[in-house]
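Colleague: Starting from these lines, generate the structure:
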Amino acid sequence: APVLPSAGVAVSYGRHADPMHELAASTPSGGLRLLLTRTASVLAVSVPLLTLAGQLLPAAAGAPATPAWLLPGLALTLAALALASYVGCRIATCAVTAGWLLAVGGPALLAGAGESGESSLADALSDSLATVLSGPAAQSCWAAAAAVCAGLLALRRTSFDHLERI
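Modeller: Numbers count the residues shown, from 1 in each chain. Prediction:
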C-alpha cells in the first residue's frame, strides 16, 4: 500500500504520460511545480482510498493499523520524487517499489521458507510489516526519511527543468 501513491505519480508525469509534456514542462509552471501538483492530485485520491480499503479489510493479528501506512507512503513517494531527479519518474518508482518489496517481502519469505503452509508465510509477512511500520521508532524513522527526501528534492529542484531524463 505505501508504494501505490508513488506508482500513481509515475504514471501521471513525464513523456510517457503526457503527449504535451514538452510544452507543459517548458512553461513557468512546468518542471518540479507541475510534478508536485500532479503528486498532490494523486495523493488526494489515493490516500483516502487506501485508508478506506484498510478499514474494510479484516484486521490480522499483529498487523499494523491503517494509519501506520500513511507516513511510509509519504516517505516512499518523496523518495521516488527525489530519485526521479536523477533517473526519471518511472525508473525511480520501480527502484523504490523493488526496495520496498525486498525490505518487507524478503524477510517474510526467508522466515516463511522454513515452515510449510500459507498461514506461516502470512504470519511472517505480518511480522515483517509490523517490524517495518509499527511503533514510535519505526514511524520516527519514516518521518526522518521523509524529511531527508524532501530536503534532497528541494536541492535537486532544478533538475526537473531539463527534459532529457524525465
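
Colleague: Would you mind giving both backbone torsions of residue 12?
Modeller: Dihedral pair for residue 12: phi -110, psi 0, per degrees, to the nearest 10.

Colleague: what's the nearest residue to it if we skip its chain neighbours?
Modeller: residue 38 (4.5 Å; C-beta to C-beta, 6 or more residues apart in numbering). All C-beta spots, glycine's among them, are computed from the backbone N, C-alpha and C.

Colleague: dump the residue contacts of the one you found.
Modeller: Contacts for residue 38 (C-beta atoms under 8 Å, 6 or more residues apart in numbering) come out as 9, 12-13.

Colleague: could you dump those residues to a markdown table with neighbour count?
Modeller: Output for the contacts of residue 38, formatted as a markdown table (neighbours: other C-beta atoms under 10 Å):
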| residue | neighbour count |
| --- | --- |
| 9 | 27 |
| 12 | 17 |
| 13 | 27 |
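
Colleague: from the residues you listed, which is closest to residue 141?
Modeller: Within those, the smallest distance to residue 141 is 22.1 Å, found for residue 9 (C-beta to C-beta).

Colleague: Tell me the pLDDT of that closest one.
Modeller: Each residue has a pLDDT score; the one for residue 9 is 79.

Colleague: and what of the one 3 residues further on?
Modeller: The pLDDT attached to residue 12 in the predicted structure is 74.

Colleague: ditto for residue 135
Modeller: Predicted confidence (pLDDT) for residue 135: 78.

Colleague: where does it fall, phi/psi-wise?
Modeller: Per-residue torsions, residue 135: phi 100, psi 160 (degrees, to the nearest 10).

Colleague: Residue 3 too?
Modeller: Residue torsions, per degrees, to the nearest 10, at residue 3 are phi -90, psi -10.

Colleague: returning to that earlier point: what is the nearest of the contacts of residue 38 to residue 55?
Modeller: Proximity of those to residue 55 (C-beta to C-beta) peaks at residue 9, which lies at 23.7 Å.

Colleague: does the closest one really touch residue 90, like I thought?
Modeller: No: the criterion here is C-beta atoms under 8 Å, and residue 9 misses it with residue 90 at 10.0 Å.
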